[in-house]
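> model this:
(chains A and B)
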Amino acid sequence: DSGVTQTPKHLITATGQRVTLRCSPRSGDLSVYWYQQSLDQGLQFLIQYYNGEERAKGNILERFSAQQFPDLHSELNLSSLELGDSALYFCASSVTPVSYEQYFGPGTRLTVT
Amino acid sequence: GIQVEQSPPDLILQEGANSTLRCNFSDSVNNLQWFHQNPWGQLINLFYIPSGTKQNGRLSATTVATERYSLLYISSSQTTDSGVYFCAVDSRNFNKFYFGSGTKLNVKP
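The predicted model follows:
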């Protein structure tokens, strides 16, 4: 158990819908990262937050947004869902945003039908 | 962005065999980690190793940062070692975390 929690574990929804994925970092970690793992794109970095502020952006679509709250939990919002958004979404956390080990949560498996 | 290449892409071993997985990266890095993704999809930290050598039981890793590669050694492999091994790096220049495409390991009894 890495100490990073993600909810829900599984999510099935229809095209065009909007969903929210939630992540709680390990105790003491200030930085949160979101990743998408799909069969055709592999594991891709989406976005990083540090202590409530966005710090780095990766291949995150405009239909996707995220935020980190004062209690350090983070949410990833996915809207106007398409079939291609079906993937495993991971959250990770680290103490600081640079040069520190990242710990991954168990992931949320999203299926868009 | 930074390129991360892993080899081999697929590996089949008999239980008890040893193996070496390689990760090449194209830029200087702040952070390099090795992960094992088990058949249930969970990503398990193996090593945080931006440079040097570390060992943990049957696994060890070496990163030669100046030559931009890292190696993961698995000795006396077991069926529970099966899964996909990923290398991931955090580039000093791009401030992002990049994963390689992984090595899929199948250890047969």
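> show me where chain B has helices.
For chain B, applying DSSP state H gives no helices.
> any idea what A:Ala92 is bridged to?
Following DSSP bridges, A:Ala92 is listed with bridge partners A:Tyr33, A:Phe104.
> who are the neighbours in contact with the spatially closest residue to B:Gln37 that is not a sequence neighbour?
Spatial nearest neighbour of B:Gln37, excluding adjacent residues (Cβ to Cβ, 6 or more residues apart in numbering or on different chains): B:Val84 at 4.5 Å. All C-beta spots, glycine's among them, are computed from the backbone N, C-alpha and C. Listed by Cβ atoms under 8 Å, 6 or more residues apart in numbering or on different chains, the contact set of B:Val84 reads B:36-37, B:102-105.
> my guess is A:Lys9 contacts A:Gly105. True?
No - A:Lys9 is beyond contact range of A:Gly105, at 10.1 Å (criterion: Cβ atoms under 8 Å).
> between these two, who's got more neighbours?
A:Gly105 (26 against 9; other Cβ atoms under 10 Å in any protein chain shown).
> and the more buried one, what's its pLDDT?
We have a pLDDT of 96 for A:Gly105.
> measure it to chain B for me?
The gap separating A:Gly105 from chain B is 9 Å, by Cβ to the nearest Cβ, to the nearest Å.
> equivalent analysis for A:Arg18, please.
In this view, A:Arg18 and chain B are 24 Å apart by Cβ to the nearest Cβ.
> quick check: that residue touching A:Ser80?
Yes - counting by Cβ under 8 Å, A:Arg18 does reach A:Ser80; the two are 7.3 Å apart.
> strands of chain B, residue ranges please.
B:4-7, B:10-14, B:19-25, B:29-37, B:43-48, B:52-56, B:59-64, B:69-74, B:83-91, B:97-99, B:103-108 (DSSP state E).
> find the nearest non-adjacent residue to A:Gly42, please.
Closest to A:Gly42 by Cβ to Cβ, 6+ apart is B:Ser101, at 5.4 Å.
> I figured that neighbour hits A:Gln41, correct?
No - B:Ser101 is beyond contact range of A:Gln41, at 10.1 Å (criterion: Cβ under 8 Å).
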